[in-house]
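*Asks:* What follows is a predicted protein model with its sequence.
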Amino acid sequence: MFISSQASSALGISVGIAMSIHNLTEGFMIALPLYYATRSRTTAFTYAAILGGLSQPIGALIGLFLIKNISQQGEDLLFGIVFGCVSGMMSLITVQSMLPQAIRADTNQSYVVAFFFLGIFLVGLSSILEVA
């Protein structure tokens, strides 16, 4: 979020909203298995808060360190590299892990693939409309 907000305030706000929504589900994904393993809400909440909550401030500090004494041209290059790496990792995780699991869980064998491609279409459409 830090690097995206440095690139543009509008991008920072968009990424911040998306990360807030993401963090809710991430918190559940961390806390629920811990709760079932320990049967303690306090322990599950504490570990989820530490594991899920500290990663972003640590990442922001790393981002601040990376762009602290860098020129505008170097900053643009760094933003491109970081955004490219992050989007590549997210795409790989989605296509290699999440999509096959969702397809196996889809009883009709049609909804997951259709909505996957609908999502790709909507992202592309929103990018086109944003430029226009």
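*Replies:* Yep, that arrived.
*Asks:* Please make it C-alpha for all contacts and neighbour counts, starting now.
*Replies:* OK.
*Asks:* who touches the worst-scoring helix or strand of the chain on mean pLDDT?
*Replies:* Sorting the helices and strands of the chain by mean pLDDT, DSSP states H and E puts helix 2-7 at the bottom, at a mean of 74. By C-alpha atoms under 8 Å, 6 or more residues apart in numbering, the residues outside helix 2-7 that reach it are 11, 12, 13, 15, 60, 63, 64, 79.
*Asks:* helix or strand for residue 45, which one?
*Replies:* Following DSSP states H and E, one finds residue 45 within helix 41-53.
*Asks:* In ChimeraX, how would I select the buried members of the contacts of helix 2-7?
*Replies:* Buried subset of the contacts of helix 2-7, written as a ChimeraX selection, criterion 16 or more other C-alpha atoms under 10 Å:
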select :12,15,63,79
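*Asks:* now, which of the contacts of helix 2-7 lie within helices?
*Replies:* 11, 12, 13, 15, 60, 63, 64, 79 (DSSP state H).
*Asks:* possible to save those residues as a markdown table with pLDDT and distance to residue 119?
*Replies:* Conversion of the ones in helices among the contacts of helix 2-7 to a markdown table gives the following (pLDDT from 0 to 100; distance: C-alpha to C-alpha, whole Å):
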| residue | pLDDT | distance to residue 119 |
| --- | --- | --- |
| 11 | 82 | 20 |
| 12 | 82 | 22 |
| 13 | 86 | 21 |
| 15 | 83 | 18 |
| 60 | 81 | 29 |
| 63 | 80 | 30 |
| 64 | 82 | 33 |
| 79 | 83 | 25 |
